[in-house]
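**Student:** Structure, please.
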Amino acid sequence: MAERFGDTVRLTVNGEQSDSPVIELSVTELRTLLDAAERDLTGFFALATGWIAQHLPGHRAPVTAALARALGLAAPTATPQPRATEPRFARQGTGRDRSPLGESGQGSVRPVPVSP
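**Tutor:** Residues are numbered from 1 along each chain as shown. A predicted model of the protein is given here:
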């Protein structure tokens, strides 16, 4: 469940449970995280379609369409090319975490206790 309180968004895993984990973050932080996730997903899809074209050329169209559906993306009319900026998952081992969450992976996302 997602609730907005002014400039704050509260995300609750299961609104039907009183002890469900809750995360609060600013609307700006949420937008930044969602934008990064969308870029990474699109980058992954571009890399995957290249792999599909190389390894499954006879099944390229249906496999690419199935992957697009599974990821909630529109199937491309042509094979997308990876962007000049690699998605974060392709940077593993570089020694630098460019994630908006920072090195800890936590960012300013804070668990919030929920009263029963």
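**Student:** so where's this protein uncertain?
**Tutor:** Counting by pLDDT under 70, the chain contains low-confidence residues at 77-116.
**Student:** all helices of it, in order?
**Tutor:** 27-55, 60-71 (DSSP state H).
**Student:** Which strands or helices does the shortest one pack on?
**Tutor:** Which is helix 60-71. Judged by 3 or more C-beta pairs under 8 Å, 6 or more residues apart in numbering; DSSP states H and E, helix 60-71 is in contact with helix 27-55. The C-beta positions use only the backbone N, C-alpha and C, and glycine is treated the same way.
**Student:** Now do the helix it packs on against helix 60-71, angle only.
**Tutor:** 160 degrees (axes from the mean of the first three to the mean of the last three C-alpha atoms, to 10 degrees).
**Student:** Show me what counts as buried in helix 27-55.
**Tutor:** Neighbour-count burial for helix 27-55 flags 29-30, 33, 36, 40, 42-49, 52 (criterion: 16 or more other C-beta atoms under 10 Å).
**Student:** which helices and strands sit right next to it?
**Tutor:** Going by 3+ C-beta pairs under 8 Å, 6+ apart, helix 27-55 lies up against strand 8-12, helix 60-71.
**Student:** which one of these is the most hemmed in?
**Tutor:** By mean neighbour count, with neighbours taken as mean count of other C-beta atoms under 10 Å, strand 8-12 ranks first of those at a mean of 16.
**Student:** got a list of contacts for it?
**Tutor:** Outside strand 8-12, the residues within contact range by C-beta atoms under 8 Å, 6 or more residues apart in numbering are 1-4, 20-27, 30, 112, 114.
**Student:** now with 10 Å?
**Tutor:** Applying C-beta atoms under 10 Å, 6 or more residues apart in numbering, the contact partners of strand 8-12 are 1-4, 20-31, 109, 112, 114.
**Student:** are any of those buried, and which?
**Tutor:** Looking at these with 16+ other C-beta under 10 Å, the buried ones turn out to be 22, 24-25, 29-30.
**Student:** Redo the residues you listed as a markdown table? Include distance to V63.
**Tutor:** Listed next are the buried ones among the contacts of strand 8-12 as a markdown table, based on distance: C-beta to C-beta, whole Å:
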| residue | distance to V63 |
| --- | --- |
| V22 | 39 |
| E24 | 40 |
| L25 | 36 |
| E29 | 35 |
| L30 | 33 |
